[in-house]
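A.B. asks: Compute the structure for the input listed below.
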Amino acid sequence: MLLGDGRRFSCRRLLVTTGLTDELPPIDGLQQQWGRGVVHCPYCHGWEITGQRIGVLGTGPLSVHQALLFRQWSPDITLFLNDTVEPTDEEWAKLAARSVTVVDGAVATVDAVDGDLTGLTLRQGRSFELQALAVGTRMEATSALLESLGLTSQLHPSGAGRFIEVDATSATALPGVYAAGNVSNLMAQVITAAAEGVMAGARINADLIEEETRWAVEGRFGVFSAVSEATVSKIVLGQRRHGLDVRPSAAGLGSAATAER
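C.D. replies: Purely as a prediction, here's the structure:
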C-alpha cells in the first residue's frame with residue numbers, strides 16, 4: 001500500500017472502515033444548516049427536536065417513510081415533495097391518517113437568521129416557518145481505495161446510495177480484504193459500525209491463526225515442522241516412534257510389545 005506522502009506498507013490482511021459521504025440536494029442554505037437545523041435520522045436526532053415544527057424535505061422514495069418516522073416525535077410534520085416524491089395511493093392514506101401535511105413544489109432555499117434555521121422557501125415564493133428540517137441524504141460509501149483494488153460498489157436495495165458488499169464475516173469478494181461500518185452498511189449507527197469493526201477484527205485474527213497453523217504443518221517456518229518431525233522419527237525410531245517396542249523379544253518367545261523406557 002502506497003500513501004500519498006510516499007510511505008509504503010505491506011500487510012497480509014486489510015480491513016477498510018472508511019465510512020460514507022452524505023450527499024445533499026443542491027438547495028441554497030441547506031449545506032450551511034447540515035448538523036444544525038437540518039437533521040437526517042429520527043433515532044439520532046429525534047429526541048432533540050421533540051414537539052417542534054418539523055419539515056421533511058423530499059429527496060427520494062424513502063421520504064414518505066421518513067416523514068412517518070418523525071411523526072412519532074411531533075404532531076406538526078410537513079412533507080415537502082420538492083418535485084421529487086410522488087406518493088402512492090397507499091402512502092397518501094398513511095400520511096392522511098397520521099395528519100402529516102403535504103406541500104407540492106420545488107424548494108428553492110433553506111432559510112436561517114443568525115445561523116439558526118427559520119424555515120424554507122419554495123421556488124414559487126411561498127415560505128414556511130420551521131424549527132427543524134429532516135433530509136434523507138444519498139449515502140455513498142467512501143470506496144475509492146476498495147475500488148482501486150478491483151471491487152465495485154453496489155446500489156442499496158432501498159435506493160439510498162451505494163455500498164461495498166461483504167459476507168457475514170465482513171469479507172469482501174477480494175481474498176484478504178475486509179470492510180466494516182458504513183462503507184459496507186449504509187444504515188449502521190456508530191455503535192453498530194464499531195461492533196462490526198470488532199467482529200471483523202476477530203475474524204481476521206482467526207483467519208491469520210488458521211494460515212499460520214497451516215504454514216507450520218507445511219514446514220514454512222523453518223526446518224522443524226510437524227511433517228519433518230514425523231519423517232525423521234520414522235527413519236530413526238521405526239515402529240518405536242510411538243513409544244512401543246514391537247521387535248522380537250530377547251528370549252526368543254516371538255513378538256512382544258513392551259513399553260519403551
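A.B. asks: where along the stretch 101-250 of the chain do the helices fall?
C.D. replies: Counting by DSSP state H, counting those that start in this stretch, the stretch 101-250 of the chain has helices at residues 144-148, 190-218, 226-237.
A.B. asks: Quick one: closest of those helices to Gly60.
C.D. replies: Proximity to Gly60, assessed across the helices of the stretch 101-250 of the chain by Cβ to Cβ, is greatest for helix 190-218 (22.4 Å). In this view, the C-beta of every residue, glycine as well, is placed from N, C-alpha and C.
A.B. asks: re the thing from before, wait, which of the helices of the stretch 101-250 of the chain is closest to Thr169?
C.D. replies: Distances from Thr169 to each of these were compared using Cβ to Cβ; the shortest belongs to helix 190-218, at 4.4 Å.
A.B. asks: Tell me how many other residues crowd the nearest residue to Arg8 once chain neighbours are set aside.
C.D. replies: Taking Cβ to Cβ, 6 or more residues apart in numbering as the measure, Arg8 lies nearest to Leu2, with 5.1 Å between them; neighbours along the chain are not counted. By the other Cβ atoms under 10 Å criterion, the neighbourhood of Leu2 contains 8 residues.
A.B. asks: Quick check, Leu2 in contact with Ser10.
C.D. replies: No. Taking Cβ atoms under 8 Å as the contact criterion, Leu2 and Ser10 are not neighbours in contact, 10.4 Å apart.
A.B. asks: Show me the contact partners of the helix or strand where Ala96 lies.
C.D. replies: Using DSSP states H and E, Ala96 falls within helix 89-97. Counting by Cβ atoms under 8 Å, 6 or more residues apart in numbering, the neighbours of helix 89-97 from elsewhere in the structure are Val64, Ala67, Leu68, Leu79, Pro87, Val102.
A.B. asks: Would you mind measuring from the third one to Ser74?
C.D. replies: Using Cβ to Cβ, to the nearest Å, Leu68 is found at 12 Å from Ser74.
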